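Participant: here are the coordinates; sequence isn't available:
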């Protein structure tokens, strides 16, 4: 059962924390793949110098300014795509970066897409999980209540959720220290940087 729109229409910190232990699914023409979300980071718009939406509305950030429950995809380092969940209500530009997954469904397809066989290396970073799940730039604006990409409860997944500072946002001044990264403590599929 897909998470309802209402799940996403809350502040980014709440959504980021509560996404831990949920399952991100892509259902594409070459197969279904999924993984349990074990690491997220919240980006809180106008109060967060690390957020892409911090400086306001641009063509790139327009998706942030609508209702939550849609996908924001962007390219980092010129080669890796990052998959984000838009949170909150229209006009409050917040999002959650999905940083790592524990692979569940379609593992062989994930290995093929990634060109890797090591299970721990398939989804242990935002670029890795996007590639493993077949996420492309065309997913920008995709509806998480649709059929191609969605999030649902995960069965039998237990975790203690811990908050830490975010990764690779040292440029953001004081915002770099905000404890807005959420992890399934001790999970072996967390990102390495």
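Facilitator: Arrived safely, thanks for sending. The shown structure was predicted, so the numbers you read here are calculated from the model rather than taken from an experiment. Numbers count the residues shown, from 1 in each chain.

Participant: any idea what residue 43 is bridged to?
Facilitator: Beta bridges link residue 43 to residue 95 when assigned by DSSP bridges.

Participant: correct me if wrong: it contacts residue 98.
Facilitator: No: taking contacts as CB atoms under 8 Å, residue 43 lies outside contact range of residue 98: 11.8 Å. Yep, even glycine has a C-beta here, placed from its N, CA and C like the rest.

Participant: in this structure, which spans are helices?
Facilitator: 5-8, 12-19, 107-114, 126-132 (DSSP state H).

Participant: stretch 43-56: how far from the chain's middle?
Facilitator: On the basis of CA atoms, centre = their mean, to the nearest Å, stretch 43-56 sits 16 Å off its chain's mean C-alpha point.

Participant: hmm, back to that, now render the helices of the chain as a markdown table, adding mean neighbour count.
Facilitator: Output for these, formatted as a markdown table (neighbours: other CB atoms under 10 Å):
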| stretch | mean neighbour count |
| --- | --- |
| helix 5-8 | 17 |
| helix 12-19 | 22 |
| helix 107-114 | 17 |
| helix 126-132 | 24 |
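
Participant: for residue 53, which of these is the nearest?
Facilitator: helix 12-19 (10.3 Å; CB to CB).

Participant: where do the strands sit along the protein?
Facilitator: For the chain, the strands defined by DSSP state E cover 22-28, 31-43, 71-76, 80-87, 94-103, 149-153, 161-164, 181-184.

Participant: got the angle for the first one vs helix 107-114?
Facilitator: Going back to what we said before, that points to strand 22-28. Strand 22-28 and helix 107-114 are oriented at 70 degrees to each other (axes from the mean of the first three to the mean of the last three CA atoms, to 10 degrees).

Participant: picking that back up, between residue 43 and residue 98, which contacts overlap?
Facilitator: residue 84 (CB atoms under 8 Å, 6 or more residues apart in numbering).

Participant: would you format the strands of the chain as JSON lines with mean neighbour count and distance to residue 121 included?
Facilitator: Converted to JSON lines, the strands of the chain look like this (neighbours: other CB atoms under 10 Å; distance: least, CB to CB, whole Å):
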{"stretch": "strand 22-28", "mean neighbour count": "20", "distance to residue 121": "17"}
{"stretch": "strand 31-43", "mean neighbour count": "25", "distance to residue 121": "13"}
{"stretch": "strand 71-76", "mean neighbour count": "18", "distance to residue 121": "18"}
{"stretch": "strand 80-87", "mean neighbour count": "23", "distance to residue 121": "14"}
{"stretch": "strand 94-103", "mean neighbour count": "26", "distance to residue 121": "10"}
{"stretch": "strand 149-153", "mean neighbour count": "18", "distance to residue 121": "22"}
{"stretch": "strand 161-164", "mean neighbour count": "14", "distance to residue 121": "22"}
{"stretch": "strand 181-184", "mean neighbour count": "23", "distance to residue 121": "17"}
